[in-house]
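Enquirer: Make a model of this:
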Amino acid sequence: MTDDDVGDYDLFKNSLLKRFRLTEGGYRKRFKSVRIEVGETAKQFVDRLKKYLTKWREMAGFDATYEGLQNMILRY
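Expert: Below is the predicted model of the structure:
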């Protein structure tokens, strides 16, 4: 990034998200490969799974409806 780009919040935020793989593809991959961790309760696992699915849906630009979720999953 250039010095001028650092002042642009949206550009800076998107660069950080991409750097740490917090993108649509990153959350899709996390959702599809998630496994329960040692010491994690079932509720904690489900909450983490929901977070990954929600972030994937939001970044993919689909509605939070049954049809939106269906279209997103069928697209991938």
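
Enquirer: what residues are up against the residue lying closest to Trp56 once chain neighbours are set aside?
Expert: Distance criterion CB to CB, 6 or more residues apart in numbering; nearest residue to Trp56, sequence neighbours excluded, is Tyr27 at 4.0 Å. Heads up, the C-betas are built off the backbone N, CA and C, glycines and all. The contact partners of Tyr27, by CB atoms under 8 Å, 6 or more residues apart in numbering, come to Tyr52, Leu53, Lys55, Trp56, Met59.

Enquirer: pLDDT below threshold where in the chain?
Expert: Within the chain, the segments meeting pLDDT under 70 span 1-2, 5-6, 21, 76.

Enquirer: Scan it for its longest helix.
Expert: helix 42-60 (DSSP state H).

Enquirer: in that one, what's buried?
Expert: Residues of helix 42-60 classed as buried by neighbour count (16 or more other CB atoms under 10 Å): Arg48, Tyr52, Leu53, Lys55, Trp56, Arg57, Met59, Ala60.

Enquirer: now these as CSV including distance to Thr41?
Expert: Output for the buried residues of helix 42-60, formatted as CSV (distance: CB to CB, whole Å):
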residue, distance to Thr41
Arg48, 11
Tyr52, 17
Leu53, 19
Lys55, 21
Trp56, 23
Arg57, 24
Met59, 27
Ala60, 29
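
Enquirer: mind listing the helices in this protein by residue range?
Expert: 3-6, 9-19, 24-33, 42-60, 66-75.

Enquirer: Not counting its own residues, what contacts the longest helix of the chain?
Expert: Residues contacting helix 42-60 (CB under 8 Å, 6+ apart): 22-24, 27-28, 30-31, 34, 36-37, 40, 64, 68-69, 72, 75.
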